[in-house]
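# structure for this input, please:
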Amino acid sequence: QCYPNPAREKAMISFTLPAPAHVNLSIFDLTGKLVVNLLNEERSQGTTETEFYPSTNNNVYIYRLTTGNSSKSGLISFAR
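Below is the predicted model:
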């Protein structure tokens, strides 16, 4: 889950793992170019929250969260 959406200065990305897993959380622009890799590590069971501060003037980004064999993507909007 990403909140607030639309965001102003930063967006929070939150997810819950039912068991320990390797987590990769990446942010892309709308052309598919990698903007930043926020997480690429083993995480324990439970809830994780991480912040995304955009370093470009783009207003919309795509996040991709991959854990083990599952992947989820979504949009992050910024209202400026």
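# and residue 75, how far is that from residue 32?
When C-beta to C-beta, to the nearest Å is applied, the distance between residue 75 and residue 32 equals 13 Å. Every residue, glycine included, has its C-beta placed from N, CA and C.
# pull the distance from the longest strand seen in the chain to the chain's centre.
Ranked by residue count under DSSP state E, the longest strand found in the chain is strand 34-43. From the chain centre to the centre of strand 34-43 is a distance of 8 Å (C-alpha atoms, centre = their mean, to the nearest Å).
# after that strand, next one along is what?
Toward the C-terminal end, the helix or strand that comes next after strand 34-43 (DSSP states H and E) is strand 46-52.
# that following strand pairs with which strands?
Strand 46-52 has its sheet partners listed here by DSSP bridges as strand 11-17 (antiparallel).
# tilt between the helix or strand just after the strand it pairs with and strand 46-52?
Using DSSP H and E, the next helix or strand after strand 11-17 towards the C-terminus is strand 21-28. Orientation check (axes from the mean of the first three to the mean of the last three C-alpha atoms, to 10 degrees): strand 21-28 against strand 46-52 gives 20 degrees.
# other residues contacting the helix-or-strand element of the chain with minimal mean pLDDT?
Scoring the helices and strands of the chain by mean pLDDT, DSSP states H and E places strand 2-3 at the bottom, with a mean of 84. Contact partners of strand 2-3, identified using C-beta atoms under 8 Å, 6 or more residues apart in numbering, comprise 11, 12, 13, 14, 63, 74, 75, 76.
# recalculate using a threshold of 6 Å.
Strand 2-3 is contacted from outside by 11, 12, 13, 74, 76, using C-beta atoms under 6 Å, 6 or more residues apart in numbering.
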